[in-house]
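1. prediction below, plus the sequence it came from.
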Amino acid sequence: MGGPAKLLGMAQSQGEVSVEFARALLARAEEISSRAEETEGGKLRELRLARGWELAELVFKLAGVAAVNGREWLPSPLLLSKAVALSSAAALASNLALADQFAEAAVLVDDGTSVGLRIPKEQRAIDTTDFMRAAFLAMAAGDTRAQKALRAATEGVADEALRSLVPAREAVRGLLRQLLGATTTPLTSDELAVTLAATPEYFRSRIEELLLPVVNALGSSDKQAAFTAVLAKHQAHYEAEDRREDLRGFVAWGALALAGMWQTRPTEPSPYLAEIVAEAFARPIASLSLSFECPPMRARTMLEAKTRMEFSFNGAVEVQPQAEANVFELRVAPLFVGRFTIEDASDEQSFGRGSHSLLDAGELVVLAEQAVARAQASGDRARELERARAAANRALELLGDSTELYRNQMTSPLGRAQCDQRPALFSRGGLMEFRERIAAES
């Protein structure tokens, strides 16, 4: 696509991007967008998830071009809606926290035609900056479905800068969840500063100057003061010598995200919030439908199938019988769709039978512990303890004639992590003792 944009003049507000470079950006954006419209014999088109991240970045750059070169370079509403949908779809398709049964899952993007776009799932860590860009776009566009999709995918944020920095990674994920409206327990400013201190300077500056101000602003009672603070941090970030010509910084996307959430705009003008760009997001952008389509699965019991969906997607399950016998569609929110053939749909008391299982022993142990915690918190004690016992019994059943369960026998990232952290638990003695501790709660 060429080298960096060439600006004429020193100040961003006085600069001009070369027309040739701007045309190259627009051509590439339109090429990616058109892939979401082409069909092959009436079948779903496939798009690698990296193109979703790329389209969002191109929209950021084109808005920067429009801020200095004029309205003609502003991304069209259709291009904006594609960027929102495809970048949030890329986040869903990158989800690293899903069980192995979802390896063939895909994200579908439907623009109202008879043929949709399929983005196959890829086990790929999400870059924090890509994710932040997608979140700001979804918030600015007022696309709640895309925001829900992103909130469900924060576990995949694990880029190179955070590879060995687990506390920093969890802190950043927490900030992203807060940005997208999740209820979390935030770190204090001092705790966050200490946690981020271990990260590279370039990464830390993006978090502290672009993400954190927007998260802090969400709870502000003085919206105009919050806008001012966000714009000032954005300006400070992009006035650094090595960032002055970065087209992505010509628009204060954090402020646009707040404007989309609050349906109000800054009253003070800013060179980083051109009127034509603000106008493009003055009302919600028409959204495209997203859904995470799971591959067809088989389950022994309805409880096993429902728990697989609940545990993977963290929400209540809606069950819809299908025309075929023993086939059910299970949905979590509007986003996640699983199609199950269930051997015993009336069984709501056990997590399956035999060696085939949708849940591994590590997940079953965590489920049992969660049920005990709910019982202790004055929930439906009898029901929760019955579920805990059923999960512990199923974990023992999966052990079979062996004396120990190993990491490679787990079928989920959570199960493998549990096996790494508590290997002694996944032995016959460990699981028997675990079951006895649950029985003692009765």
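-> Nice, I can see it.
2. sec struct for residue 300, please.
-> strand (DSSP: H, G, I helix; E, B strand; the rest coil).
3. quick one, what contacts residue 64?
-> 17, 247, 248, 249, 250, 251 (C-beta atoms under 8 Å, 6 or more residues apart in numbering). From N, CA and C alone the C-beta is placed, and that goes for glycine too.
4. helix or strand: which one has it?
-> helix 49-69 (DSSP states H and E).
5. following element in sequence after that helix, please.
-> Immediately after helix 49-69, counting by DSSP H and E, sits helix 77-93.
6. residues near residue 182, how many?
-> 13 (other C-beta atoms under 10 Å).
7. give me the pLDDT for it.
-> Here, the pLDDT recorded for residue 182 equals 78.
8. touching, it and residue 153? I think so.
-> No. In this structure, residue 182 is not within contact of residue 153 by C-beta atoms under 8 Å, at 11.9 Å.
9. quick check: residue 240 is in a strand.
-> No. Secondary structure of residue 240 (three-state DSSP): coil, not part of a strand.
10. now the helices for the stretch 201-350 of the chain?
-> 201-206, 212-217, 223-238, 253-262, 275-280, 302-313 (DSSP state H, counting those that start in this stretch).
11. what is the longest strand along the chain packed up against?
-> Longest strand in the chain, counting residues (DSSP state E): strand 336-344. Contacts defined by 3 or more C-beta pairs under 8 Å, 6 or more residues apart in numbering; DSSP states H and E place strand 336-344 against strand 289-293, strand 297-301, helix 302-313, strand 327-332.
12. can you list the buried residues in the third one?
-> Judged by neighbour count (16 or more other C-beta atoms under 10 Å), helix 302-313 contains these buried residues: 302, 303, 304, 305, 306, 307, 308, 309, 311, 312, 313.
13. tell me how many other residues crowd the nearest residue to the first one once chain neighbours are set aside.
-> Sequence neighbours aside, residue 345 is the residue nearest to residue 302 in space, at 4.8 Å (criterion: C-beta to C-beta, 6 or more residues apart in numbering). Residue crowding around residue 345 was assessed by other C-beta under 10 Å; the count is 19.
14. hmm, residue 345 is touching residue 304, no?
-> No. The pair residue 345 / residue 304 is not scored as a contact, 10.7 Å apart, by C-beta under 8 Å.
15. please enumerate the shared neighbours of the two.
-> Counting by C-beta under 8 Å, 6+ apart, nothing touches both residue 345 and residue 304.
16. looking at the contacts of residue 64, spot the one nearest residue 224.
-> Among the contacts of residue 64, residue 251 lies closest to residue 224 (C-beta to C-beta), at 19.0 Å.
17. how far away is the closest residue to the closest one other than its chain neighbours from residue 25?
-> Nearest non-adjacent residue to residue 251, counting by C-beta to C-beta, 6+ apart: residue 63, 4.8 Å away. Applying C-beta to C-beta, to the nearest Å, the value for residue 63 to residue 25 is 11 Å.
18. ok, which stretches of the stretch 51-200 of the chain are strands?
-> Using DSSP state E, counting those that start in this stretch, the strands assigned to the stretch 51-200 of the chain run over residues 106-110, 117-120.
19. how close does the residue nearest to residue 122 when sequence neighbours are not counted get to residue 156?
-> Of all residues not flanking residue 122 in the chain, residue 49 sits nearest, at 5.6 Å (C-beta to C-beta, 6+ apart). Plainly put, residue 49 is 11 Å away from residue 156 if you go by C-beta to C-beta.
20. overlap in contacts of these two?
-> Common contact partners of residue 49 and residue 156 (C-beta under 8 Å, 6+ apart): 94, 124.
21. and the helix holding residue 64, average pLDDT?
-> 93.
22. just give me how far that helix sits from the chain centre.
-> 20 Å (C-alpha atoms, centre = their mean, to the nearest Å).
23. same check, this time on stretch 96-105
-> So, by C-alpha atoms, centre = their mean, the centroid of stretch 96-105 is 14 Å from its chain's centroid.
24. how far does it stretch from one end to the other?
-> End-to-end distance for stretch 96-105, by C-alpha to C-alpha, to the nearest Å: 12 Å.
25. how close does the closest residue to residue 53 other than its chain neighbours sit to residue 148?
-> In space, not counting the residues next to it along the chain, residue 53 is nearest to residue 130; the distance is 4.5 Å by C-beta to C-beta, 6+ apart. As for residue 130, its distance to residue 148 is 18 Å (criterion: C-beta to C-beta).
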